[in-house]
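S.K.: Give me coordinates for this.
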Amino acid sequence: MRIDTVFHFPLIFFAALAALLAGCGQSPQAAAGPPQAGEPEVTVVTVAPRPVTLTTVLAGRTSAFLVADVRPQVSGIVQKRLFTEGADVKEGELLYQIDPATYQAAYDNAKAALAKAEANALPVKLKSERFDTLVKAGAVSRQDNDDAQAAHRQADAEVTASKAALESARINLSYTRVTAPVAGRIGRSSVTPGALVTASQAAALSTIQQIDPIYVDVTQSSGDLLRLKRELASGRLTKTGADGARVKLLYEDGSPYPLEGILQFSDITVDQSTGVITLRAVFPNPSHDLLPGLFVRAVLEEGVDEQAILAPQQAVSRDSKGAPLVMVVGQDGIVAPRSIEVGRVVGDDWLVTSGLASGERVIVEGLQKVRPGAKVKTLEAAAPTAVPGPVAALTERAKAADPDAGAAAQQPEQR
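M.R.: All right, here's what the predicted structure looks like:
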C-alpha cells in the first residue's frame with residue numbers, strides 16, 4: 001500500500017497543477033506572456049552642406065598642336081632622304097635633297113644676265129650724266145638729253161629685272177633642299193630616293209606633327225553648357241580659377257594622365273546633326289605619352305558648389321513611380337519617408353537638389369528593419385571622407401579590372 005502511494009504521488013501533483021491553470025483560463029505557454037520586441041537600431045548620416053567641386057566627364061580625342069605637310073615646291077628627282085621616320089626633327093632641318101643640276105644652271109644663267117645688264121647700264125649712266133651737264137650749257141639739244149636719260153632709266157630697269165630673275169633662280173635652287181617647316185615628330189615617308197616629285201603635288205612627302213603641347217577635343221551637349229552658364233550666373237556655382245577651367249585626363253583604360261590641362265577654346269556653333277559643342281583643352285606632353293588620335297576622357301571642372309547637400313547612394317531608394325526617396329529619422333525617433341530630387345552622382349553620394357535640409361538624419365543601414373511611422377534607435381555613421389572625383393572613381397574601377405595597372409595610378413587631390 002505504501003509503495004502504490006509513492007508511485008502515484010507525482011501524477012497527482014501534475015494533475016492538480018493542470019487543473020489550477022485550467023481554472024485560471026490560461027495555458028502554460030500563455031502564462032509565460034508574449035515576447036517584448038525592442039526598437040530596431042539603424043545607422044544614420046546627419047546631412048550637412050559642404051563645398052564640392054563638380055566635374056563632368058566628356059569623351060574626346062587628342063589632336064596635334066601643329067600639323068605641317070612636307071611638299072616639294074620644285075620638280076625633280078629625289079636624291080636623298082636625310083631623316084629617320086618617326087623621329088623628332090627641328091625647324092629648318094634638311095629632310096630631302098632634290099637633284100639641283102637644272103636649277104643650278106638656271107641660277108648661273110640669271111647671274112650672268114645680271115652681270116651683262118649691269119655692264120650695259122654703266123656707259124648709259126655716264127652718258128646721261130654728261131648730257132645732263134651739257135644741256136644746261138646749250139652744247140646738246142634737249143631731245144638728245146631726253147633720249148640719254150630715257151636710256152639710263154631703261155638700263156636700270158633691265159638691271160632690276162635681272163636681279164629679280166637671279167633671286168627667283170636662287171629660290172628655286174634652295175627649294176631643292178626640302179627642310180622641315182616646323183619642329184615636331186615626323187611620320188613615314190611616302191617617297192624613296194630616285195622618285196620623281198613635282199611642284200605642288202597632291203601627295204605629301206611626309207607629315208610633321210608637334211605634340212608638346214597637345215590638344216584634346218571633346219564635345220558637350222548644348223543643354224549642359226546652357227545649364228552651366230545659368231548656374232554660374234546665379235551664383236550657385238563659383239569658378240574654379242581665374243585662368244580658365246582646369247581639366248584632368250583619363251586614358252581609355254581609366255588610368256589618369258599625370259599632368260593637368262587648361263580649357264582653351266569653346267566653339268561658337270552648335271552641330272546641327274548632334275546638338276553638341278566642341279570644347280578644346282591643351283595639355284603639356286613632354287614625354288609624348290599622348291599621341292594624335294588617341295581616345296581619352298576629359299574630366300572638366302565646372303565649378304564649386306559651396307553648399308552642396310549629399311546623400312549616400314545606399315540611402316536613396318525608389319518609389320513605385322521611380323522617384324527617389326530617403327527614410328528620415330525625426331527628433332522623436334520616428335521614421336518618415338521623404339521624396340527628394342537628385343542631380344548627379346558625386347563619388348559614392350547623390351547630389352541632392354531639393355528635399356533635404358541641413359541637420360536632418362538619413363538612414364543608411366537597417367532600412368529592411370524599419371517602416372514609416374516606426375520608432376527606432378539611431379547610431380551615427382562615421383564621418384564622411386573627402387568626396388572622390390571622377391578620376392578617383394574611374395581609377396578604382398581600373399584597379400578592379402587590373403590591380404597591377406590600378407596600383408600605379410595616382411589619385412587626384414580632392415576638395
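S.K.: in stretch 173-180, what counts as buried?
M.R.: L173, Y175, T176, V178, T179, A180 (16 or more other C-beta atoms under 10 Å). Using the backbone N, CA and C atoms, a C-beta is placed for each residue, glycine as well.
S.K.: Repeat that for stretch 366-376.
M.R.: Quick answer for stretch 366-376 (16+ other C-beta under 10 Å): G366, L367, V370, A374, V376.
S.K.: where's the last one relative to K369, distance?
M.R.: I take that to be V376. Remark: distance between V376 and K369 (C-beta to C-beta, to the nearest Å) = 8 Å.
S.K.: Where does the prediction get shaky in the stretch 1-150 of the chain?
M.R.: Within the stretch 1-150 of the chain, the ranges that satisfy pLDDT under 70 run 1-37.
S.K.: pretty sure L228 contacts L300?
M.R.: No - the criterion here is C-beta atoms under 8 Å, and L228 misses it with L300 at 9.5 Å.
S.K.: what's the closest residue in space to G333 that isn't next to it in sequence in contact with, if anything?
M.R.: Once flanking residues are discounted, G333 sits nearest to K375: 4.8 Å by C-beta to C-beta, 6 or more residues apart in numbering. K375 is in contact with E39, D332, G333, I334, V335, counting by C-beta atoms under 8 Å, 6 or more residues apart in numbering.
S.K.: Which of the three states applies to K116?
M.R.: helix (DSSP: H, G, I helix; E, B strand; the rest coil).
S.K.: State the pLDDT value of the closest residue to it other than its chain neighbours.
M.R.: The shortest distance from K116 to any non-neighbouring residue, by C-beta to C-beta, 6+ apart, is to S162 (7.6 Å). Looking at S162, its pLDDT stands at 95.
S.K.: what comes up buried for the helix or strand containing S162?
M.R.: Under the criterion of DSSP states H and E, S162 resides in helix 142-174. Using 16+ other C-beta under 10 Å as the test for burial, helix 142-174 gives 145, 148-149, 151-152, 155-156, 158-159, 162, 165-166, 169, 172-173.
S.K.: Also stretch 77-90?
M.R.: V78, R81, F83, D88, V89.
S.K.: Do I have it right that the residue nearest to K116 meets A113?
M.R.: Yes - the pair S162 / A113 is scored as a contact, 4.9 Å apart, by C-beta under 8 Å.
S.K.: The most centrally placed residue in the chain: what's it in contact with?
M.R.: Centroid check for the chain by C-alpha atoms, centre = their mean gives A298 as the closest residue, at 3.1 Å. By C-beta under 8 Å, 6+ apart, the contact set of A298 is 57-60, 216, 218, 247-250, 261, 279, 281.
S.K.: G60 contacts V216, doesn't it?
M.R.: Yes - with contact defined as C-beta under 8 Å, G60 reaches V216; the gap is 5.5 Å.
S.K.: Walk me through the domains of this protein.
M.R.: 50-63+211-408, 77-98+176-203, 101-174 (automatic domain parsing).
S.K.: Output the below-cut-off pLDDT ranges for the stretch 151-300 of the chain.
M.R.: 231-232, 234-244.
S.K.: about what we covered before: who does the residue nearest to G333 form a beta bridge with?
M.R.: Under the criterion DSSP bridges, K375 forms beta bridges with I334.
S.K.: Please determine how far it is located from A233.
M.R.: Counting by C-beta to C-beta, the gap from K375 to A233 is 46 Å.
S.K.: now H152
M.R.: In terms of C-beta to C-beta, H152 sits 74 Å off from A233.
S.K.: still on that earlier bit, just checking, the residue nearest to the centre of the chain is part of a helix?
M.R.: No - using three-state DSSP, the secondary structure at A298 is strand, not a helix.
S.K.: which secondary structure elements does the longest strand along the chain contact?
M.R.: Longest strand in the chain by number of residues (criterion: DSSP state E): strand 50-70. Strand 50-70 sits against strand 184-186, strand 206-221, strand 276-283, strand 295-312, strand 341-346, helix 390-401, with contacts defined as 3 or more C-beta pairs under 8 Å, 6 or more residues apart in numbering; DSSP states H and E.
S.K.: nearest to V270, of these?
M.R.: strand 276-283 (5.7 Å; C-beta to C-beta).
S.K.: neighbouring contacts of the closest one?
M.R.: 58, 60, 65, 213-222, 225, 247, 249, 257, 259-267, 269-271, 290, 298, 300.
S.K.: Quick check: the gap between D253 and R297.
M.R.: When D253 is compared with R297 (using C-beta to C-beta), they lie 10 Å apart.
S.K.: neighbour-wise, which of those two wins?
M.R.: Legend: neighbour count by other C-beta atoms under 10 Å for D253 and R297, higher for R297 (22 against 13).
S.K.: quick revisit: how about the helices and strands packed on strand 50-70 in TSV, adding distance to V140?
M.R.: Compiled in TSV, the helices and strands packed on strand 50-70 are given as follows (distance: least, C-beta to C-beta, whole Å):
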stretch	distance to V140
strand 184-186	67
strand 206-221	65
strand 276-283	73
strand 295-312	84
strand 341-346	97
helix 390-401	92
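S.K.: can you tell which of the ones you listed is closest to I98?
M.R.: strand 206-221 (14.1 Å).
S.K.: Summarise which helices and strands the following helix or strand past the closest one is packed against.
M.R.: On the C-terminal side of strand 206-221, the closest following helix or strand by DSSP H and E is helix 222-234. If contacts are counted by 3+ C-beta pairs under 8 Å, 6+ apart, helix 222-234 sits against strand 276-283, strand 295-312.
S.K.: Closest one of the buried residues of stretch 366-376 to N109?
M.R.: Using C-beta to C-beta, the buried residues of stretch 366-376 come closest to N109 at L367, 95.3 Å.
S.K.: Pull the contacting residues for that closest one.
M.R.: L367 makes contact with V42, A315, S317, M327, according to C-beta under 8 Å, 6+ apart.
S.K.: do the same with R318
M.R.: P324, L325 are the contacts of R318 under C-beta under 8 Å, 6+ apart.
S.K.: circling back: out of the contacts of L367, which are buried?
M.R.: Looks like these have V42, A315, M327 buried, using 16+ other C-beta under 10 Å.
S.K.: Let me know the closest of those to V345.
M.R.: A315 (13.3 Å).
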